[in-house]
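K.L.:
Using only what follows, build the 3D model:
(2 chains)
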Protein chains: 2
Amino acid sequence: MNIRPPVSVAEAIRTRRSARRFRPDPLPDGLLTELLALTVEAPSSWNFQSRSVVAVTAPEDREALARAANDQDQPRLAPVTLVFLAECDAWRGDLSDVLTTARASGAWSEEFARSVATHGVDFQRDLAERGLLREYAVKDAMIAAGFAMLAATGAGLASSPMNGWDEAEVKKVVGVDDRDDLAVALLLSIGLPVEERRHPGRRPRDRHVFHGRYGRPWSMGLPTAGGPSGDLHDAGAPR
Amino acid sequence: MNIRPPVSVAEAIRTRRSARRFRPDPLPDGLLTELLALTVEAPSSWNFQSRSVVAVTAPEDREALARAANDQDQPRLAPVTLVFLAECDAWRGDLSDVLTTARASGAWSEEFARSVATHGVDFQRDLAERGLLREYAVKDAMIAAGFAMLAATGAGLASSPMNGWDEAEVKKVVGVDDRDDLAVALLLSIGLPVEERRHPGRRPRDRHVFHGRYGRPWSMGLPTAGGPSGDLHDAGAPR
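P.N.:
Numbers count the residues shown, from 1 in each chain, chains lettered A, B, ... in the order given. Next comes the predicted model:
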């Protein structure tokens, strides 16, 4: 199904770039379905799966997304844009299917399933009281979006994660303008690559990677000769 | 550096499970460094990199994390727990290194770099006015956390993403209890696997994967025979 030989996770992470342009061709049959299947394999808090994804492929809807996204071109150019939605109230519904499936597979003991049914829902209720439901559902959505980015790279596709949209307008495009329980987390345009993009680089590793305490560089905890990946600064060079 | 032959992204996504137990052994030399390097390769909004990661390895700190996490055992059992922090104010600092690096690599044109310097900062200021800085920094942190989960699986390691902690207590452990600009996004314990875990399953695909409009199942837009991955319900079965 891939359009190139599969690559390792490490290679996918190192070679993924954010695309700005795409070939206009649709994705090969079945590939988008596989991407979507991989996307919802992502873990979620309590396995409550407080996220959904809408694959937008119709030209008029892609145009509407581009306009909703401050006229960013990617939804226009890519054959599909995934809209990641945070489902803030997923936990309020009937969760018995989640519990039954996990028990049937042997993944959860009866005791653990009971604990999820009580403590999981209590946890969500506490989030609601503290105004954190949206943040936690967005977290579920973002893990799925990250998985989708790497699944796309792994399949040889280009992708472009996007912020910078008007949330109400995006919700209109996917038909949920009346749903206060749904929040837009991210847009991700996906298509066949048309360009090689260079790495914009990352800040020096000791600015964002720490050991034990924030501000204590990770390298301090390492032997000075750590092999090919032991040099923190080299491995992060733009590529 | 991997402890098993590298796997494709798709295989990593399909085989990743959330671990509860770990071998007590430390990770092989250099492997954690490589994981951290891959983690901060994750993309971020405007490439402002509004996230940091603290690798907690000292037994007393891991014990403190376990207590902060409602006594979840994973930080105690795993040799390392990554604390993902959202950096809500990263954009307020000097961003010239971000712009210079991206221009030097040829990834950004001078015009684009100028646009990031102005529109990117305006965008963040608007988020600040709308009370969304934390949410957007958490989004950057969660993409990085998702990449770290898959990088760990790709390297043959077990991992356990965790919510359910007291944010103030976690911040104390990593020394940022005085930093209102930093938020805890996720804990991720990582170690050598000690058990095979079963797949708890996912809700039926048509509950969370849509085509064009929320509520319109993706399968409606597909040819009925989509090849091995064309069957939406089969591909998501517990494994």
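K.L.:
Where does A:Glu63 sit: helix, strand or coil?
P.N.:
At A:Glu63 the chain is in helix, as set by DSSP: H, G, I helix; E, B strand; the rest coil.
K.L.:
Neighbours of it, how many?
P.N.:
13 (other CB atoms under 10 Å in any protein chain shown). The way it works is simple: take the backbone N, C-alpha and C, and place the C-beta from them, glycine included.
K.L.:
immediately after the top strand by length along chain A, which helix or strand?
P.N.:
Assignment by DSSP state E gives strand A:182-191 as the longest strand of chain A. Using DSSP states H and E, the helix or strand that directly follows strand A:182-191 along the chain is strand A:209-211.
K.L.:
packing partners for that next one?
P.N.:
strand A:213-217, helix B:31-39, strand B:51-56 (3 or more CB pairs under 8 Å, 6 or more residues apart in numbering or on different chains; DSSP states H and E).
K.L.:
can you redo those as CSV with mean neighbour count?
P.N.:
Listed next are the helices and strands packed on strand A:209-211 as CSV, based on neighbours: other CB atoms under 10 Å in any protein chain shown:
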stretch, mean neighbour count
strand A:213-217, 16
helix B:31-39, 25
strand B:51-56, 26
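K.L.:
Would you tell me which of those gets closest to A:Arg179?
P.N.:
Nearest to A:Arg179 among the helices and strands packed on strand A:209-211 is strand B:51-56; the distance by CB to CB comes to 28.6 Å.
K.L.:
And the contacts of the closest one?
P.N.:
A:207-214, A:218, A:221, B:32, B:36, B:39-40, B:44, B:62, B:65, B:75, B:80-87, B:137, B:140-141, B:144, B:148, B:173-174, B:182, B:185 (CB atoms under 8 Å, 6 or more residues apart in numbering or on different chains).
K.L.:
closest one to A:Ala158 among the helices and strands packed on strand A:209-211?
P.N.:
helix B:31-39 (19.6 Å).
K.L.:
Compute the inter-axis angle for that closest one and strand B:51-56.
P.N.:
170 degrees (axes from the mean of the first three to the mean of the last three CA atoms, to 10 degrees).
K.L.:
Break chain A into its domains for me.
P.N.:
What automatic domain parsing lists as the domains of chain A is A:9-191, A:205-235.
K.L.:
Show me where chain A has its helices.
P.N.:
Ranges of helices in chain A, per DSSP state H, are A:9-15, A:31-39, A:59-68, A:74-77, A:96-104, A:110-115, A:121-129, A:133-154, A:167-173, A:232-235.
K.L.:
Tell me the spacing between A:Arg114 and A:Glu129.
P.N.:
For A:Arg114, the distance to A:Glu129 equals 23 Å [CB to CB, to the nearest Å].
K.L.:
And A:Gly156, by the same measure?
P.N.:
46 Å.
K.L.:
more neighbours, the two?
P.N.:
A:Gly156 (18 against 9).
K.L.:
And the residue most central in space within chain A, what's its pLDDT?
P.N.:
By CA atoms, centre = their mean, the mean C-alpha position of chain A lies nearest to A:Ala145, the distance being 1.1 Å. At A:Ala145, the predicted lDDT confidence score is 98.
K.L.:
again, but for A:Arg4
P.N.:
80.
K.L.:
ok, A:His9 - contacts?
P.N.:
That one is not His; residue A:9 is Val. A:150, A:154, B:6-9, B:12, B:38, B:150-151, B:153-155.
K.L.:
May I see the residues you listed organised as JSON lines, with distance to B:Gly201 added?
P.N.:
Shown next, in JSON lines, are the contacts of A:Val9 (distance: CB to CB, whole Å):
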{"residue": "A:Leu150", "distance to B:Gly201": "22"}
{"residue": "A:Gly154", "distance to B:Gly201": "23"}
{"residue": "B:Pro6", "distance to B:Gly201": "27"}
{"residue": "B:Val7", "distance to B:Gly201": "21"}
{"residue": "B:Ser8", "distance to B:Gly201": "22"}
{"residue": "B:Val9", "distance to B:Gly201": "21"}
{"residue": "B:Ala12", "distance to B:Gly201": "19"}
{"residue": "B:Leu38", "distance to B:Gly201": "28"}
{"residue": "B:Leu150", "distance to B:Gly201": "20"}
{"residue": "B:Ala151", "distance to B:Gly201": "24"}
{"residue": "B:Thr153", "distance to B:Gly201": "18"}
{"residue": "B:Gly154", "distance to B:Gly201": "23"}
{"residue": "B:Ala155", "distance to B:Gly201": "25"}
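K.L.:
Quick one: residues contacting the spatially closest residue to A:Arg197 that is not a sequence neighbour.
P.N.:
In space, and not counting its chain neighbours, A:Arg197 is closest to A:Arg17: 4.0 Å by CB to CB, 6 or more residues apart in numbering or on different chains. Applying CB under 8 Å, 6+ apart to A:Arg17 gives the contacts A:158, A:197-199, B:107.
K.L.:
change it to 10 Å
P.N.:
A:Arg17 makes contact with A:153, A:158-160, A:193, A:195-200, A:239, B:43, B:107 under the criterion CB atoms under 10 Å, 6 or more residues apart in numbering or on different chains.
K.L.:
Show the backbone phi and psi for it.
P.N.:
In terms of degrees, to the nearest 10, the main-chain angles of A:Arg17 are phi -130, psi 160.
K.L.:
gap between the residue nearest to the centre of chain A and chain B?
P.N.:
To chain B, A:Ala145 is 7 Å away according to CB to the nearest CB, to the nearest Å.
K.L.:
A:Asp126 too?
P.N.:
On the measure of CB to the nearest CB, A:Asp126 and chain B end up 10 Å apart.
K.L.:
For that residue, the count of nearby residues, please.
P.N.:
12.
K.L.:
correct me, but A:Glu167 touches A:Val138?
P.N.:
No - assessed by CB atoms under 10 Å, A:Glu167 is found out of contact with A:Val138, at 11.4 Å.
K.L.:
Just to check, A:Val116 is in contact with A:Trp46?
P.N.:
Yes - under the criterion of CB under 10 Å, A:Val116 makes contact with A:Trp46 at 5.6 Å.
K.L.:
And these two? Which one has more around it.
P.N.:
Neighbours were counted for A:Val116 and for A:Trp46 using other CB under 10 Å; A:Trp46 has more, 24 against 20.
K.L.:
Not counting sequence-adjacent ones, nearest residue to that one?
P.N.:
Per CB to CB, 6+ apart, closest to A:Trp46 is A:Gly120, 4.0 Å.
K.L.:
per-residue confidence at the one you found?
P.N.:
A:Gly120 is given a pLDDT of 96.
K.L.:
How many residues are close by it?
P.N.:
The burial count for A:Gly120: 20, using other CB under 10 Å.
K.L.:
ok, it to A:Leu99 distance?
P.N.:
Counting by CB to CB - A:Gly120 and A:Leu99 are separated by 9 Å.
K.L.:
repeat for A:Pro79
P.N.:
Where A:Leu99 is concerned, A:Pro79 sits at a distance of 38 Å (CB to CB).
K.L.:
ok, now A:Ile190?
P.N.:
A:Ile190 is 33 Å from A:Leu99, by CB to CB.
K.L.:
Would you mind telling me which of the two has the busier surroundings?
P.N.:
A:Ile190 (27 against 20).
K.L.:
Which of the residues in stretch A:78-90 are classified as buried?
P.N.:
A:78-88, A:90 (16 or more other CB atoms under 10 Å in any protein chain shown).
K.L.:
which of these sit farthest apart?
P.N.:
So, those by CB to CB: farthest apart are A:Pro79 and A:Cys88, at 29.8 Å.
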